[in-house]
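Novice: okay, structure incoming, though there's no sequence with it:
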Ligand code: ZN
């Protein structure tokens, strides 16, 4: 590994909830009684709720299939998009925001619909303070070393001051819809310097490929809630990171013919990496 690891971390880690829940001694075999679970689950809250699949979005299934008032029943924290791919969605503290391709943030009406979204009820299991500069790659590698396993989902919230954030949003498309790759060719890119705000997103395990975006998927909202988008790159100055262990995944599939009749066979992993990542970063 040629990665030159800088020591940029200061305070680390409070395991707050869930994971220290005692196993029922009576029900457990004696040999396992001392093994505390790495990840315990609150069945009602530790669910990543997803509308549709990333493969359907890649294929241009952009028609709304769930209202935001319905989506809000499944989580107070999340990311996604809108009917017709009309911008990037951020849900923070139970409030939905629409970051359109004009760079502005719009309120979201409960009757508006999403074709694809991921939400959960955010209850952090791990909190980390970072008081030194770190770029996206450094922070992500560090977080991977802190989570108990890459094999479950995590909701990740990063509040702080960012030296740099680069985001994008996508312009609304009209039916018949193009693929996501075609639509993203017309994306707007925004750059922010010395900006306070919040990154909202998820880690999904590699095996979720096809259903969700494997690895990290982050959206950003600035402190004044006036700008943001799908994150392409960032460098933090100082930040607090909160991670919610999410061992349950619930996927709701659209019932309309656009989804049901679309060809969702085959892997689109390479295309997905292209549309979700920074075009200026060599991969
Ligand atoms: Zn996104």
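Specialist: Sure thing, it's come through. Predicted model only: the values in this text are computed from it and were never measured.

Novice: beta partners for residue 90?
Specialist: Note on residue 90: beta-bridge partners residue 79, residue 97, judged by DSSP bridges.

Novice: how much space between it and residue 131?
Specialist: According to Cβ to Cβ, to the nearest Å, residue 90 and residue 131 sit 25 Å apart. For glycine as for every other residue, the C-beta is placed from the backbone atoms N, C-alpha and C.

Novice: neighbour count for these two, which is higher?
Specialist: Counted by other Cβ atoms under 10 Å, residue 90 and residue 131 do not tie: residue 90 has more neighbours, with 28 against 15.

Novice: which ones are touching that one?
Specialist: Residues near residue 90 by Cβ atoms under 8 Å, 6 or more residues apart in numbering: 78, 79, 96, 97, 99, 200, 219, 220, 221, 228.

Novice: what does residue 65 give?
Specialist: When contacts are counted by Cβ under 8 Å, 6+ apart, residue 65 touches 51, 52, 113, 114, 115, 254, 255, 256, 259.

Novice: out of the residues you listed, which are buried?
Specialist: 51, 52, 113, 114, 115, 254, 259 (16 or more other Cβ atoms under 10 Å).

Novice: the helices in the stretch 1-150 of the chain, which residues?
Specialist: 54-58, 68-71, 136-146 (DSSP state H, counting those that start in this stretch).

Novice: need the longest strand for this protein.
Specialist: Secondary structure of the chain read by DSSP state E shows that its longest strand is strand 228-246.

Novice: about what we covered before: now the contacts of residue 90 as TSV including pLDDT?
Specialist: As requested, the contacts of residue 90 are exported to TSV (pLDDT from 0 to 100):
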residue	pLDDT
78	98
79	98
96	98
97	98
99	98
200	98
219	98
220	98
221	98
228	98
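
Novice: between which two of the residues you listed is the distance greatest?
Specialist: 96 and 220 (15.0 Å; Cβ to Cβ).

Novice: in three-state terms, label residue 263 for me.
Specialist: Residue 263 carries the three-state label coil when classified by DSSP: H, G, I helix; E, B strand; the rest coil.

Novice: for it, list the residues it contacts.
Specialist: residue 59.

Novice: separation between it and residue 61?
Specialist: 11 Å.

Novice: ok, now residue 125?
Specialist: In terms of Cβ to Cβ, residue 125 sits 33 Å off from residue 61.

Novice: same thing with residue 155?
Specialist: Taking Cβ to Cβ, one finds residue 155 at 24 Å from residue 61.

Novice: higher neighbour count, the two?
Specialist: residue 155 (27 against 24).

Novice: quick one: contacts for the more buried one?
Specialist: So residue 155 contacts 48, 77, 78, 120, 122, 201, 202, 243, 244, 246 (Cβ under 8 Å, 6+ apart).

Novice: hmm, the second one is touching residue 91, no?
Specialist: Yes. With contacts defined as Cβ atoms under 8 Å, residue 77 counts as touching residue 91 at a distance of 5.8 Å.

Novice: just the strands in the stretch 1-150 of the chain please.
Specialist: Ranges of strands in the stretch 1-150 of the chain, per DSSP state E, counting those that start in this stretch, are 14-15, 47-51, 66-67, 77-81, 88-92, 95-99, 105-107, 113-114, 117-120, 126-130, 134-135.

Novice: want to throw these into a markdown table with distance to residue 194?
Specialist: Output for these, formatted as a markdown table (distance: least, Cβ to Cβ, whole Å):
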| stretch | distance to residue 194 |
| --- | --- |
| strand 14-15 | 28 |
| strand 47-51 | 32 |
| strand 66-67 | 37 |
| strand 77-81 | 24 |
| strand 88-92 | 20 |
| strand 95-99 | 19 |
| strand 105-107 | 19 |
| strand 113-114 | 32 |
| strand 117-120 | 29 |
| strand 126-130 | 16 |
| strand 134-135 | 15 |
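
Novice: looking at these, spot the one closest to residue 177.
Specialist: strand 77-81 (12.0 Å).

Novice: ok, back up a step: so for residue 77 and residue 91, which residues contact both of them?
Specialist: 119, 200.

Novice: for these two, indicate the residue with more neighbours.
Specialist: Per other Cβ under 10 Å, whichever of residue 77 and residue 91 has more neighbours is residue 91, with 26 against 23.
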